[in-house]
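Visitor: Next input, structure requested:
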Amino acid sequence: MLKVSTPILASLNEVKTIDFYTKQLGFAHRGGHAGYLIFERDGVMVHLYACSVPEVPGYTGCYFYVTDIDEWYARCQERKLVHPNGELKLMPFGLRQFAIVDNNGNIIYIAEHKEQ
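Guide: Next comes the predicted model:
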């Protein structure tokens with residue numbers, strides 16, 4: 001039985017990545033090792049590895065599922081993180097979601113199941 005999945009995204013700049021995930025998204029930096037970062041918020045983990053190819057993050061991304069999407073959306077709008085084509089909307093597959101792009105270029109969808 002599966003319990004949880006942890007995304008591993010590309011990081012082009014360790015210092016800027018730590019700043020983005022801690023200050024913009026409220027994650028705690030939980031350490032890592034040379035070229036590898038680990039963050040956690042509310043029991044959800046995200047890992048990032050050092051990458052020197054700027055195009056790679058443009059092909060990667062993940063979903064964060066939340067229970068308070070309207071608060072997340074307002075906070076991300078205020079911080080100008082919402083992707084221009086990623087406004088909050090109800091998707092045909094039953095999620096309310098919006099998209100942001102981190103400092104590296106990874107797309108992050110923040111979503112909530114419609115019935116919540």
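
Visitor: ok, the residue nearest the centre of the chain - contacts?
Guide: For the chain, the residue sitting closest to the mean C-alpha position, by C-alpha atoms, centre = their mean, is Ile108 at 4.1 Å. By C-beta atoms under 8 Å, 6 or more residues apart in numbering, the contact set of Ile108 is Gly61, Cys62, Tyr63, Phe64, Ala99, Ile100, Val101, Asp102. Placement of C-beta: from N, CA and C, glycine included.

Visitor: Quick one, which of those are buried?
Guide: Gly61, Phe64, Ala99, Ile100, Val101, Asp102 (16 or more other C-beta atoms under 10 Å).

Visitor: Tell me the one among those residues nearest to Thr17.
Guide: Taking C-beta to C-beta as the measure, Thr17 lies nearest Asp102 of the buried ones among the contacts of Ile108, at 7.4 Å.

Visitor: For that closest one, give me phi and psi.
Guide: As for Asp102, its main-chain torsions (degrees, to the nearest 10) stand at phi -70, psi 180.

Visitor: Which residue comes closest to it once chain neighbours are left out?
Guide: Phe20 (5.6 Å; C-beta to C-beta, 6 or more residues apart in numbering).

Visitor: wait, the one you found sits on Asn103?
Guide: Yes - counting by C-beta atoms under 8 Å, Asn103 is a contact partner of Phe20 at 4.2 Å.

Visitor: circling back: what secondary structure does the residue nearest to Asp102 sit in?
Guide: Look at Phe20: counting by DSSP: H, G, I helix; E, B strand; the rest coil, its state is helix.

Visitor: now swap in the one 10 residues further on and tell me
Guide: For Arg30, the assignment made with three-state DSSP gives strand.

Visitor: My understanding was that it contacts Tyr36; is that so?
Guide: No - applying C-beta under 8 Å as the test, Arg30 and Tyr36 come out as separate, 11.1 Å apart.

Visitor: which helix is the longest one in this protein?
Guide: Counting by DSSP state H, the longest helix found in the chain is helix 69-78.

Visitor: So in that sheet, which strands flank the following helix or strand past it, and in what orientation?
Guide: Downstream of helix 69-78, the next assigned helix or strand under DSSP states H and E is strand 89-90. Sheet pairing for strand 89-90, assigned by DSSP bridges, gives strand 95-101 (antiparallel).
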